[in-house]
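1. Provided below for reference: sequence and predicted model.
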Amino acid sequence: MSHHIVEVRDLHYAYPDGTVALRGVSFRVLHGGAVAVVGPNGAGKSTMLMHLNGFLMPVRGEVLVGETPLTRSTAAAIRRTVGMVFQDPDDQLFMPTVFEDVAFGPVQSGLPPEEVERRALAALERVGMAGLRDRPPYRLSAGEKRAVTIATVLAMEPAVLVMDEPSSNLDPRGRRRLIELLRSFEHTRIIATHDLELVVELCSRVILLDGGRVAADGPALEILNDEKLMLAHGLERPHSLRHLHPH
Amino acid sequence: MHMADALISPAVGGTMWIVSAGLIAYCARKLKQTMRDNLVPLMGVLGAFIFASQMINFSIPATGSSGHLGGGLILSVLLGPHAAFIVIASVLTVQALFFADGGLLALGCNIFNLGFFPAFIAYPFIYRPLIRGGRGAIRALIAALVAAVVGLQLGAFSVVLETKASGISELPFSTFVLLMLPIHLAIGIVEGLATAAVVAFVARARPEVLDAEPASAGAVTGLRSVLIGLAMAALVIGGAVSWFASTHPDGLEWAIAKVTGKEEVAGSSEGIRGKLAEFQGKTSFLPDYGFKADEEKEVIAASASPAGPEDVGPEWPAVTAGTSVSGIVGGLITLGLVCLAGFALKPRRTNI
Amino acid sequence: MPIMHLANWIEVGRMDDYSRQDTPLHRLDARVKAVTTLACIVAVMSFPRYEVSALMPFLFYPMALTGMGRIPFGFILKKIIVASPFALAIAIFNPVFDREAAFMIGPVAVSGGWLSFTSIMLRFVLTVWAALALAACTGMFRLCAGLERLGMPRIFAGQLLFLYRYLFVVVDEGARMKRALELRSGAIVPVSLRVYGSLVGHLLLRSMGRSERIHRAMVARGFDGAIKIVREPKFRPADWAFLLGWSAFFVAARAWNIPALIGNLVTGAAP
């Protein structure tokens, strides 16, 4: 199942004003797992994520989704395979009603109306928001908005889900629902987050980014438990691990 | 200066609708050709921004009062004329539908008055040429002030013309002008100050935003722009003079008499009246309410009975004046029926 | 001039709630409601300036929309009152400039100016009410979709939808900034120009930043520059009935002074 592999090879990126954001990032994510991308603010997490669906093009290095290298001509196809959920739901819910937001992706792909309807409803069912289809976005709670943004991406039936800070601004119940939802997915999941407890619950692997480079890449518990490593990169050991594995 | 429907005749409203719709279609076509695809969300959000910015007031120096941004000029600076016009039109549409600020029939007038002048005249012919010499604070302030004042003055003048052409308000042309223009001079100054303040901030914080305005196809420089400006001014003045003349043929004669030094202008007055009547006759799509006010009153006075003369309102021959007692009685009864209907249709309990 | 207080924003939210109710009126095609409302406004404004009584029957239209659309009358009334100053200010000049007596009610002479003033204000109420009722029983989305089918350029329809969608978000941000300002300045004082430029400038830059993120999200879901709007189905019999029925009523009410006819019946022969 080659299209479930996401690979980044020696990725470099600098913004138009000269700021260097990525200094040679390499990693490979195989089908089905949940990978967390952690690191301090300014490490380059968001910049790196934006390469995964072709919003940014590498200055140097390669991004491959499946066996397909990312270029301007392949970007559109890659976006159908890699679904991205951004941090602020209001930035992603830009249509008048929930249904139309979820249907936006399929409609833009040129699918016929029946298929659009089927996919949109299926996506809403999957996140448990089917009853809200005619609601305007500003009448949704934070948790509902988050679930709906995930649905907007699911409707495109991607193989890979990339998420930027999915649990931010959620109350405990909303967060719990999100974690259960993400746990139930079979997609390859790449999650950039500060929520280290979520990582503990959800992800088997952690990529630690700092200063535009990969500082560590390995099993989640191993990296998160390494207190010196965490502190050195502006993070800390998750509280739940302190109890389980006292040093 | 959003115009309400109540002061606009269908002819004027309809004409301006066609003008504004045509401008929107033109801008839409232009944008489709040159548009960066991030313009779609940008235009929408900037429209929302205009609403939000109107919630914040600043105190006007040397006066006790406060003002806020209107937005036409700054939108033109950020987006260029074509996109700005569309955003202004969208803001006015939402204001008309949801805030009852400006009527639906008058929407065409409002879009033209508040959109065309800042985007297509004040910005390209005043602001941009002035700014081209450099973006120093004083220069930017002057550019914004002059552009805003001119844009709003032209808009205010349009309001007067459109209202007079509709023939519903009795305000004489000169009084109306004397009322509108000074007020909108002040409003123009406020707009210029607000625009300059925001532009100054953005120029310090993120100057590339101000340079991002895409070159519009309507960019003209130098002699051509001066000529176009003069032609437009001539159109406006010419239109105003002809309206004034046709409502006040006496005034025109008086002016001509003074100029030519002739005391007796009876002969030429026939000529002028005749020509103006001819002009009216040819352009008869405009109602002549404003010009036959005196005649109308005579007719009304004469029509004490509903079976009175039926020549009021040339386009609907069957209408009678209806100001008789039976008209009043009938009107009250109808009003009562309407209220009854309202109670009948009222929901049992308010449900939201 | 718009009165841009925070309270007004809640009003737009309420208006939007009313527009999403489910009544037979709401289910009618938006195009039909828009065209009929415009027809009503045009008919009302086509009367000569001194007409008062013949205008009355037109009140049935906005009243019907309000009632059948389950919109609270007080909500609409408040908006009409809030919107009236400008029209009042112009209309009040009519009695000033037009003082000739037009007719008598018993011993009292009513000048033409007061007659036309009443006419203007009545028309104001009619037209504003009709417009508000239209918005409240149709809603922005269906109205835009309908207007786009009637020929409105797609870019403009998309613009209206985006503007409407982000109205609440950006205004929310503006309100938060305003509140922070008030908390730090001790009173609700208009700020100096420099602070104003900074406040509004920040709001502007934040808005532009937001639009960039929205664009990112749109591109991530396949956006290629053209907004596609889902189309409404065809007209149904109820739509035709609404359009033709009301249009016939408007034509009749315009052609004949119905209140005068009723009045005649009631008062016997014309005096």
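-> Structure's in. What do you need?
2. so which bits of the lengthiest helix in chain C are buried?
-> If you go by DSSP state H, chain C has its longest helix at helix C:154-185. The neighbour-count check on helix C:154-185 (16 or more other CB atoms under 10 Å in any protein chain shown) flags C:155-174, C:177-178, C:181 as buried. The C-beta positions use only the backbone N, C-alpha and C, and glycine is treated the same way.
3. and if you look at stretch B:168-175?
-> B:168, B:169, B:170, B:171, B:172, B:173.
4. does it reach chain C?
-> Yes: applying CB under 8 Å from any CB of the partner chain, one finds stretch B:168-175 touching chain C at B:168, B:169, B:170, B:171, B:172, B:175.
5. and the furthest pair within those residues?
-> Between any two of these, the greatest separation by CB to CB is 15.3 Å, found for B:168 and B:175.
6. now the residue nearest to residue B:28 when sequence neighbours are not counted: how far from residue B:25?
-> Leaving out its chain neighbours, the residue that sits closest to residue B:28 by CB to CB, 6 or more residues apart in numbering or on different chains is residue C:153, at 3.7 Å. As judged by CB to CB, to the nearest Å, residue C:153 and residue B:25 stand 5 Å apart.
7. which one of those two has more residues nearby?
-> residue C:153 (20 against 15; other CB atoms under 10 Å in any protein chain shown).
8. show me where the chain has helices.
-> Let's take chain A. A:45-52, A:75-81, A:89-92, A:98-108, A:113-126, A:142-154, A:172-184, A:196-202, A:220-225, A:227-232, A:239-244.
9. could you do chain C instead?
-> Under DSSP H, chain C gives helices at C:6-19, C:24-27, C:30-45, C:60-68, C:73-83, C:85-91, C:93-97, C:112-138, C:140-149, C:154-185, C:193-220, C:237-255, C:258-267.
10. would TSV of those with distance to chain B be doable?
-> Formatted as TSV, the helices of chain C follow (distance: least, CB to the nearest CB, whole Å):
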stretch	distance to chain B
helix C:6-19	5
helix C:24-27	10
helix C:30-45	5
helix C:60-68	2
helix C:73-83	4
helix C:85-91	4
helix C:93-97	4
helix C:112-138	4
helix C:140-149	8
helix C:154-185	2
helix C:193-220	3
helix C:237-255	5
helix C:258-267	3
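11. just to revisit the earlier point, keep only those of the buried residues of stretch B:168-175 that are in helices.
-> Per DSSP H, the subset of the buried residues of stretch B:168-175 in helices is residue B:173.
12. and the buried residues of stretch B:168-175 as JSON lines, adding pLDDT?
-> Below are those laid out as JSON lines (pLDDT from 0 to 100):
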{"residue": "B:168", "pLDDT": "78"}
{"residue": "B:169", "pLDDT": "78"}
{"residue": "B:170", "pLDDT": "76"}
{"residue": "B:171", "pLDDT": "79"}
{"residue": "B:172", "pLDDT": "81"}
{"residue": "B:173", "pLDDT": "83"}
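13. nearest to chain A, of the buried residues of stretch B:168-175?
-> Nearest to chain A among the buried residues of stretch B:168-175: residue B:168, at 37.0 Å, using CB to the nearest CB.
14. could I get the contacting residues of that closest one?
-> Listed by CB atoms under 8 Å, 6 or more residues apart in numbering or on different chains, the contact set of residue B:168 reads B:6, B:7, B:8, B:9, B:289, C:45, C:49, C:116, C:119, C:120.
15. so what's the residue count around residue B:60?
-> Residues contacting residue B:60 under the criterion other CB under 10 Å number 17.
16. now it: how far from chain C?
-> Plainly put, residue B:60 is 8 Å away from chain C if you go by CB to the nearest CB, to the nearest Å.
17. and if you look at residue B:22?
-> The gap separating residue B:22 from chain C is 11 Å, by CB to the nearest CB.
18. residue C:131 contacts residue C:40, doesn't it?
-> No: counting by CB atoms under 8 Å, residue C:131 does not reach residue C:40; the two are 9.8 Å apart.
19. count the neighbours of residue B:47 for me.
-> Using other CB under 10 Å: residue B:47 sits among 28 other residues.
20. repeat that for residue B:115.
-> Per other CB under 10 Å, the neighbour tally for residue B:115 reads 29.
21. Three-state assignment for it, please.
-> Three-state call for residue B:115 (DSSP: H, G, I helix; E, B strand; the rest coil): helix.
22. list the contacts of the residue lying closest to it once chain neighbours are set aside.
-> Take residue B:115 and drop its neighbours on the chain: the residue closest to it by CB to CB, 6+ apart is residue B:88, 4.0 Å away. By CB under 8 Å, 6+ apart, the contact set of residue B:88 is B:71, B:72, B:75, B:111, B:114, B:115, B:118, B:119.
23. now swap in residue B:59 and tell me
-> Contacts of residue B:59 (CB under 8 Å, 6+ apart): B:65, B:66, C:189, C:190, C:191, C:192.
24. where does pLDDT dip in the chain?
-> All of this refers to chain A. Flagging of chain A using pLDDT under 70 yields the residue ranges A:1-4, A:244-247.
25. oops, chain C please
-> C:1-11, C:106, C:186-189, C:225-232, C:269-271.
26. outline the domain layout of it.
-> C:1-151+C:232-262, C:153-231 (automatic domain parsing).
27. which among these is found nearest to residue A:80?
-> domain C:153-231 (7.1 Å).
28. gap between the closest one and the chain center?
-> Offset of domain C:153-231 from its chain centre (CA atoms, centre = their mean, to the nearest Å): 23 Å.
29. for stretch A:178-190, same thing?
-> 10 Å.
30. near chain C at all, that stretch?
-> No: contact of stretch A:178-190 with chain C (CB under 8 Å from any CB) is absent, the minimum separation being 13.9 Å.
31. list the contacts for residue 188?
-> All of this is about chain A. A:4, A:6, A:29, A:30, A:31, A:32, A:33, A:34, A:35, A:159, A:160, A:161.
32. wrong one, chain B
-> B:145, B:148, B:149, B:150, B:151, B:152, B:153.
33. what subset of these is buried?
-> B:145, B:148, B:149, B:150, B:151, B:152, B:153.
34. in which helix or strand would I find the fourth one?
-> Counting by DSSP states H and E, the element that carries residue B:150 is helix B:137-166.
35. residue B:203 against residue B:141, yeah?
-> No: in this structure, residue B:203 is not within contact of residue B:141 by CB under 8 Å, at 11.7 Å.
36. domains of chain B?
-> B:5-214, B:248-291, B:293-345.
37. let me know which of the helices of chain C is the nearest to residue A:102.
-> Taking these one by one with CB to CB, helix C:193-220 is closest: 12.9 Å.
38. can you list the buried residues in the closest one?
-> C:193, C:195-208, C:210-211, C:213-220.
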